[in-house]
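> below: sequence and its predicted model.
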Amino acid sequence: MTQTGTETTDAVIHEALSVIDKALSQMMSRELVSSGEITDVLLDVRTLLTMPAHAAAAAEV
């Protein structure tokens, strides 16, 4: 079965969210890295990935 562009994009976003969620849980317990700063970056990326397309386009402007 061939995936459409939307299905492929959705799969990539889902995988990225999984990686980010795992990293968020790991970063909260680390002491060698500023966990607050890393968490902020990961949360920002996660927010952008979960935004509806029209809201994401407006956020880029």
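On my side now, so go ahead.

> okay, CA-based contacts and neighbour counts for the rest of this
Fine.

> show me what the top helix by length along the chain is packed up against.
The longest helix of the chain (DSSP state H) is helix 5-27. Here helix 5-27 touches helix 35-50, going by 3 or more C-alpha pairs under 8 Å, 6 or more residues apart in numbering; DSSP states H and E.

> buried residues in the helix it packs on?
Of all the residues in helix 35-50, those buried under the rule 16 or more other C-alpha atoms under 10 Å are S35, T39, L42, R46, L48, L49.

> that helix packs against which elements?
Against helix 35-50 (3+ C-alpha pairs under 8 Å, 6+ apart) you get helix 5-27.

> how much does the helix it packs on deviate in direction from helix 35-50?
Between the axes of helix 5-27 and helix 35-50, defined by axes from the mean of the first three to the mean of the last three C-alpha atoms, to 10 degrees, the angle is 170 degrees.

> who touches helix 5-27?
Contacting residues not belonging to helix 5-27 are listed as V33, S35, I38, T39, L42, R46, L49 [C-alpha atoms under 8 Å, 6 or more residues apart in numbering].

> re the thing from before, and the least confident of the buried residues of helix 35-50?
pLDDT is lowest at S35 among the buried residues of helix 35-50; the value there is 78.

> contacting residues for that residue?
Contacts of S35 were listed using C-alpha under 8 Å, 6+ apart, and they are M27, M28, S29.

> quick check: the first one vs I20, distance?
To tie it back to what came earlier, the one meant is M27. Counting by C-alpha to C-alpha, to the nearest Å, the separation of M27 from I20 is 10 Å.

> do the same with the last one
Noted for S29: a distance of 15 Å to I20, by C-alpha to C-alpha.

> and those two? Which one has more around it.
Neighbour count, other C-alpha atoms under 10 Å: between S29 and I20, I20 has more, with 18 against 10.

> one step back: pLDDT on the longest helix of the chain, on average?
82.

> go through that helix and flag the buried ones.
L17, I20, L24, M27.

> how far is that helix from where the chain is centred?
Here helix 5-27 is found 6 Å from its chain centre; the criterion is C-alpha atoms, centre = their mean, to the nearest Å.

> got the confidence number for E31?
67.
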